[in-house]
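1. Mind folding the following:
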Amino acid sequence: MPRRYQMATRERAVQETRQRIIDAAISLHAQRGVIATNWEEIAEGAGVSTATVYRHFPSLGELVPACARTAFEAGASLPTPAQAAAAFAGLTRPAPRIERLIRESCRCYELGAGWLAAARRDAKSVPALDRAVRLQDRVLGVLIQTALGDAFVDAQTMSVIKALIDFPFWKALTDAGVATETVPQVINDLVRSRLQKRR
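-> Numbers count the residues shown, from 1 in each chain. Below is the predicted model of the structure:
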């Protein structure tokens, strides 16, 4: 019994160290950008040695997806149809499903805004960031399709809706001074207007 307790305590300590490294990386990436941040600075921010950072994350290829999961609450892969449907549990019509998707997306954007902006900015130079941004884009597409259900939406309307719900538009609104608490309603009104126009 004591051995099992020690193993559980050690595993918990390892996970806490890993999360401190991720949190430090997210904070530094948001302030300085991903490319401009080095492992020594992440180690200092996390209160660990540089060797410990490398042991957990040997390269950006491992660090970036971990940061994305924390900053955007995104999985490491596309959601299955069942997982996507579960995001809209209890909602049967497209309008409330889209509204929930917008509100949840905006909540995630607000929580991870700094890191998401840095990821978009440095994506062309860092393959791991490019993959993370592309995955976020594909996940959003799957969730929009699932929210719309059987409703037919032409390709152009789908592109417009996706652009309205995506992080860059959220950031443009908040940068323009739109209060973060009102952004979801602004986006929802625009999406609803676009969907009504196609009828």
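
2. Name the SS class of residue 150, please.
-> Following DSSP: H, G, I helix; E, B strand; the rest coil, we place residue 150 in the coil state.

3. Per-residue confidence, it, what does it come out as?
-> Looking at residue 150, its pLDDT stands at 84.

4. Please apply the same query to residue 75.
-> Looking at residue 75, the pLDDT reads 44.

5. Over to residue 87?
-> At residue 87, pLDDT is 84.

6. wouldn't it be in contact with residue 146 here?
-> Yes. Here residue 87 lies in contact with residue 146, judged by CB atoms under 8 Å, at a distance of 7.2 Å. In this view, the C-beta of every residue, glycine as well, is placed from N, C-alpha and C.

7. Those two: which has the busier surroundings?
-> Neighbour count, other CB atoms under 10 Å: between residue 87 and residue 146, residue 146 has more, with 19 against 16.

8. List the buried residues in the helix or strand where the more buried one lies.
-> Assigned by DSSP states H and E, residue 146 belongs to helix 127-148. Buried residues in helix 127-148, defined by neighbour count with 16 or more other CB atoms under 10 Å: 128-130, 132-133, 135-136, 139-144, 146-148.

9. now swap in stretch 89-105 and tell me
-> 91, 94, 97, 98, 99, 100, 101, 102, 105.

10. Of the residues you listed, which is the nearest to residue 124?
-> The shortest approach to residue 124 among these belongs to residue 105, at 23.3 Å (CB to CB).
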